[in-house]
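Q: Sequence first, predicted model second:
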Amino acid sequence: MKPAPFDYCRPATVTEAVEALRSAESGRVLAGGQSLIPAMNFRLTDVSVLVDIGRVAGLDRVDTDGTGVTVGAAATQSRVLDDDAAARAVPGLRVALRHMGHMQIRNRGTVCGSIAHADPAAELPALAVATGAVIGIAGPGGRRMMTAPDFFLGSFWTALEEAEILTEVRFPAAPAGSVTVVDEICRRAGDFAVAGLVAVIDVDGGAVRSARLVGFGVGGVPIRLASAEAAISGWAPDHPDGALMEAAVHDTAGAFDDIHATAWYRREAVATLLVRAVRRALANGRLHDDPRAGLGGRRRGDGQRSFPPAPRPGPAGAVGLHPRHAGPHGHPPRLRARLLRRLHRDRRRRRRAVVPDAGRAGRRQRDPHRRGPRPRRLRLPVADAAGLPRQPRPAVRLLHRGVPDDPRER
């Protein structure tokens, strides 16, 4: 579908952008457009003036200092993902961005745009609540700052007033010794989460000192798991996880049903993700963005990790195996079966009765390697036990009752 007619404006400053929004009947801000443009194409939103802030000076910055990371409204997700200084200061940024969409979406989408969109199944709003981010807003009345929990009011509903623009988001630096875990359950890789969890856990001496837990995908806004935060204090790996899961289920009592999952499934999923995140934090004591991150692996160009295939059990000194296949990454059962097929191939060919195919006897078969036709070779019948050549069977067998197969017996 095509969007309804609208006017396009590209201001050079934030003041011009605010003035364009105030003078428009129904103006919308365009930063990356990964959610706005599809909504306009499906006629889900009414836009009279589209204000593009991609060329506004100073909005594409990513500033990192000892206290945190400031991300401008026009900074793309790929740029923040590739910023090593931002990842060291706020490790949860890189972890959350790896869950968001695919590379093509991250190249256009912005961090502030995802927060302003306020999708209840998005990762960045939950990360902003878990880390205590501060949001900068510019409007006709000037500039103001607002905390992330106060910014989100409902599903796709924020505290932005008329003609206001979200200009920046300030993520505080992660405390020393803390572990940030972002985990979710989704139908496909890169899709919106059915249920997810953002956990900032302080580990001290093999036990949990404190934690900030936020669930997303279970309500209209990111939900702070207050009961689970109280139950997790002092939790160790040898403690039972029943009380922790019960607290998480209690905190997500307002979960909703939809076509993707039931409320009961979402509550159980958040509880399971919480136990998994705590155990991962205590086992490693550092940031983990993947359940197999401790196994090493090579990092691909898109920031993800690729792991070698898991070793399959088998005898290291299997007969007939090449020494290079006897290592931990070999597949002895498969190689042994292949070796046996090669050894018994000739024997099977000698014992197999050959039935000539009259339909393909005169055809020529094309060789895909030589790129040319070659004649099809027919196998000759072998001799029987008495040394006499066997008679070839007819290409078409008569299977009617009472009619012999051999024409000589008729």
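A: Alright, I've got the coordinates.
Q: contacts, neighbours, all on C-alpha from now
A: Fine.
Q: Gly136 reaches Glu164, doesn't it?
A: No. Under the criterion of Cα atoms under 8 Å, Gly136 makes no contact with Glu164, lying 10.4 Å away.
Q: shared neighbours, these two?
A: Common contacts of Gly136 and Glu164 (Cα atoms under 8 Å, 6 or more residues apart in numbering): none found.
Q: List the neighbouring strands of whichever helix or strand Val51 is part of plus their orientation.
A: Element membership for Val51, per DSSP states H and E: strand 49-52. Strand 49-52 has the following strand partners under DSSP bridges: strand 7-9 (parallel), strand 27-30 (parallel).
Q: For the longest strand seen in the chain, which strands pair with it and how are they oriented?
A: Criterion DSSP state E: the longest strand present in the chain is strand 193-204. If you go by DSSP bridges, strand 193-204 pairs up with strand 178-186 (antiparallel), strand 207-216 (antiparallel).
Q: Buried residues of it, list them for me.
A: Residues Ala193, Val194, Ala195, Gly196, Leu197, Val198, Ala199, Val200, Ile201, Asp202, Val203 are the ones in strand 193-204 that count as buried (16 or more other Cα atoms under 10 Å).
Q: before we move on, back to that, compile the strands paired with strand 193-204 into CSV and extend it with columns for mean pLDDT.
A: Putting the strands paired with strand 193-204 into CSV (pLDDT from 0 to 100) gives the following:
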stretch, mean pLDDT
strand 178-186, 94
strand 207-216, 95
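Q: can I get those in TSV with mean neighbour count?
A: Converted to TSV, the strands paired with strand 193-204 look like this (neighbours: other Cα atoms under 10 Å):
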stretch	mean neighbour count
strand 178-186	24
strand 207-216	24
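Q: Quick one: closest of these to His102.
A: Closest approach to His102 among the strands paired with strand 193-204 (Cα to Cα): strand 178-186, 13.9 Å.
Q: C-alpha coordinates for that closest one, PDB please?
A: Provided in PDB are the C-alpha atoms of strand 178-186 (Å, rounded to 0.1, in the frame of the first residue of the first chain):
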ATOM      1  CA  SER A 178      27.700  -6.000  37.700                       C
ATOM      2  CA  VAL A 179      26.500  -8.300  35.000                       C
ATOM      3  CA  THR A 180      23.900  -7.200  32.400                       C
ATOM      4  CA  VAL A 181      21.800  -9.900  30.800                       C
ATOM      5  CA  VAL A 182      19.300  -9.400  28.000                       C
ATOM      6  CA  ASP A 183      17.400 -12.600  27.200                       C
ATOM      7  CA  GLU A 184      14.100 -13.100  25.300                       C
ATOM      8  CA  ILE A 185      11.900 -15.700  23.700                       C
ATOM      9  CA  CYS A 186      10.800 -14.900  20.200                       C
END
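Q: Now the top helix by length along the chain: buried residues?
A: For the chain, the longest helix by residue count, based on DSSP state H, is helix 263-284. By 16+ other Cα under 10 Å, the buried positions in helix 263-284 come out as 263, 265-275, 277-282.
Q: Point out where the chain drops to low pLDDT.
A: Along the chain, the parts satisfying pLDDT under 70 run over 285-410.
Q: go with 80
A: Across the chain, the ranges flagged by pLDDT under 80 are 1, 284-410.
Q: All the helices of it, in order from the start?
A: Assignment of helices within the chain using DSSP H yields the ranges 14-23, 36-41, 77-81, 84-89, 91-98, 103-108, 111-117, 123-131, 148-151, 226-232, 242-251, 263-284, 332-343, 345-351.
Q: So which bits of the first one are buried?
A: So the one you mean is helix 14-23. Of all the residues in helix 14-23, those buried under the rule 16+ other Cα under 10 Å are Val14, Glu16, Ala17, Val18, Ala20, Leu21, Arg22.
Q: hey, which of the strands paired with strand 49-52 is tucked in deepest?
A: For the strands paired with strand 49-52, ranked by mean neighbour count under the definition mean count of other Cα atoms under 10 Å, the leader is strand 27-30 at a mean of 22.
Q: count of neighbours near Arg144?
A: The tally of other residues near Arg144 (other Cα atoms under 10 Å) stands at 11.
Q: you'd agree Met100 is up against Pro125?
A: No. Assessed by Cα under 8 Å, Met100 is found out of contact with Pro125, at 11.9 Å.
Q: These two - which one has more neighbours?
A: Taking neighbours as other Cα under 10 Å, Met100 and Pro125 compare with Pro125 leading, 27 against 21.
Q: Please name the bridge partners of Asp71.
A: You called it Asp, but residue 71 is Val. Using DSSP bridges, the bridge partners assigned to Val71 are Val62, Val169.
Q: number of nearby residues for it?
A: 26.
Q: Tell me, how many residues neighbour the closest residue in space to Ala174 that isn't next to it in sequence?
A: Spatial nearest neighbour of Ala174, chain neighbours left out: Val90 (5.5 Å); criterion: Cα to Cα, 6 or more residues apart in numbering. Here the count is done by other Cα under 10 Å, and Val90 has 22 residues near it.
Q: Ok, Gly190 next?
A: Other residues within reach of Gly190, judged by other Cα under 10 Å, total 15.
Q: cool, Glu162 as well?
A: By other Cα under 10 Å, 13 other residues sit near Glu162.
Q: do you know how far the closest residue to it other than its chain neighbours is from Leu30?
A: Distances taken as Cα to Cα, 6+ apart put Arg22 closest to Glu162, at 7.3 Å, once the chain neighbours are dropped. In this view, Arg22 and Leu30 are 15 Å apart by Cα to Cα, to the nearest Å.
Q: same check, this time on Ala130
A: For Ala130, the distance to Leu30 equals 26 Å [Cα to Cα].
Q: quick one, what contacts Ala24?
A: Counting by Cα under 8 Å, 6+ apart, Ala24 has contacts Ser48, Val49.
Q: re the thing from before, export the buried residues of strand 193-204 to TSV and tack on distance to Asp60?
A: What follows is those, written out as TSV (distance: Cα to Cα, whole Å):
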residue	distance to Asp60
Ala193	27
Val194	31
Ala195	31
Gly196	29
Leu197	28
Val198	26
Ala199	28
Val200	27
Ile201	31
Asp202	32
Val203	35
